[in-house]
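S.K.: please find the sequence and the predicted model below.
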Amino acid sequence: MRKSVSKHADGRTVTIRQTLWVDSIELTFDLEPCVGCELCRQVCPKEAISLKKEGPRTVPYIDPERCSLCGLCATFCPAKAVKMVAKNSLHETEREITPILDVGGVPHFSKGMTMDSSLCPPGCEECVPACPREALALGEQGVVLDRARCLSCSHCRDACPVPGAIEVTPLFEGTIEVDTANCPVGCDHCVASCPTKCFTPLSGRGVDVDARHCICCGACLVACFYGAIDLTRLRVLTDTDGYSAVWSRAIDRLLTENRRYLSQSEGSVKKLTELIKDSRL
C-alpha cells in the first residue's frame, strides 16, 4: 500500500501532506494569522515542531519526518492558524477534520467568546473598536463575530455597556507578572508580540501588563530575551476531562506540576463526595 509524506511551503503557508492512493490528509500552518506563540510546539507529542525567526517574527518550523498528523497543534492554536483537511482526489471532496478530538481522550475546549445580540441596544457598537483583532464588525443585524480572529481576550466584554451581553471563557486560567528590573531601556518586544495588546510601555524602562486581557499564549515569553516575564498557566478550561496519554503529556508541558496535581485532586475529591452521597454512607 503506497503512502507518502511531503512538505510544501509557499512563504505564507506550510503544509504537511500524507497521501494514500486517492485519499490524503493535510495539516496546514498559515503564518499570516499566527501570533508567534509556542503552544503548538509545547503540545506536539512527537516534538515535530520548533520555532525559527523569519525577519522580525517567530514562526513554527515543522519536521515532516516526525509529524504524525495527529492534529493536536490545530486544537490548541489560539489564532486558528492551523487546520487539518481530508481530501479525496477521485470524488474531488475536501472536509476539515479533528481526528485527535474524534477518537476521544482529548476534551473539547471552551467556546470562547459568546454574544447575546438580543441584549444589544440598537446601534450600539462599543465592543467593535475595543477588539484588538478586528474580530467584531457592525452588520445589518447588529454586531457580527469573526470567530477565526477572536482570541477570547475580554476587551469586548469590558467595553460592553450591557452586563451579560458578552461572555468570555478563555483557553487558560493563569497569571502574568513583569519584573521591570530586567527590562532594558527602550525594549518593547513584548508589546509588539502580544496579540491582545495587554502590555503598555512605561516611561524610561519596563512595561505594565493588564492580566485581564492576557490569554496565556506565551508569545511574550518567546519575544522576551531577558527573562522579565513570569507567565504561569494554572489550568486549561475544557467542557470535559481528558484522559489520554497525549493529553496528559500536553498538560504536563503547559501547566506547572503542582497546579496540575491540584486540578486533578479537586476533581477526585468532587467525584468521591458524589459517590458517598449516592451510596448514602
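M.R.: In hand now; what should we look at?

S.K.: which strand or helix spans the spatially closest residue to residue 255 that is not a sequence neighbour?
M.R.: Leaving aside its chain neighbours, residue 255 sits nearest to residue 233 (5.1 Å; criterion: Cβ to Cβ, 6 or more residues apart in numbering). To be clear about C-beta, it is placed using only N, CA and C from the backbone, and glycine gets the same treatment. Following DSSP states H and E, the helix or strand that holds residue 233 is strand 229-236.

S.K.: how far does that strand sit from its chain's centre?
M.R.: Between the centre of strand 229-236 and the centre of its chain there are 13 Å (Cα atoms, centre = their mean, to the nearest Å).

S.K.: give the buried residues for that strand.
M.R.: 229, 231, 233-236 (16 or more other Cβ atoms under 10 Å).

S.K.: stretch 212-225 now?
M.R.: For stretch 212-225, by 16+ other Cβ under 10 Å, it's 213-224.

S.K.: before we move on, the earlier item: the residue nearest to residue 255 reaches residue 172, doesn't it?
M.R.: Yes - with contact defined as Cβ atoms under 8 Å, residue 233 reaches residue 172; the gap is 4.8 Å.

S.K.: overlap in contacts, those two.
M.R.: Taking Cβ atoms under 8 Å, 6 or more residues apart in numbering as the criterion, residue 233 and residue 172 both touch 216, 254.

S.K.: which among the buried residues of stretch 212-225 gets closest to residue 157?
M.R.: Closest approach to residue 157 among the buried residues of stretch 212-225 (Cβ to Cβ): residue 213, at 9.9 Å.

S.K.: just the pLDDT for the closest one.
M.R.: Note on residue 213: pLDDT of 96.

S.K.: give the contact list for the residue lying closest to it once chain neighbours are set aside.
M.R.: Distances taken as Cβ to Cβ, 6+ apart place residue 198 nearest to residue 213, at 4.1 Å, with adjacent residues excluded. Taking Cβ under 8 Å, 6+ apart, we find residue 198 in contact with 153, 176, 209-214.

S.K.: mind giving me the domain ranges of the chain?
M.R.: 3-102, 113-168, 171-237, 242-281 (automatic domain parsing).
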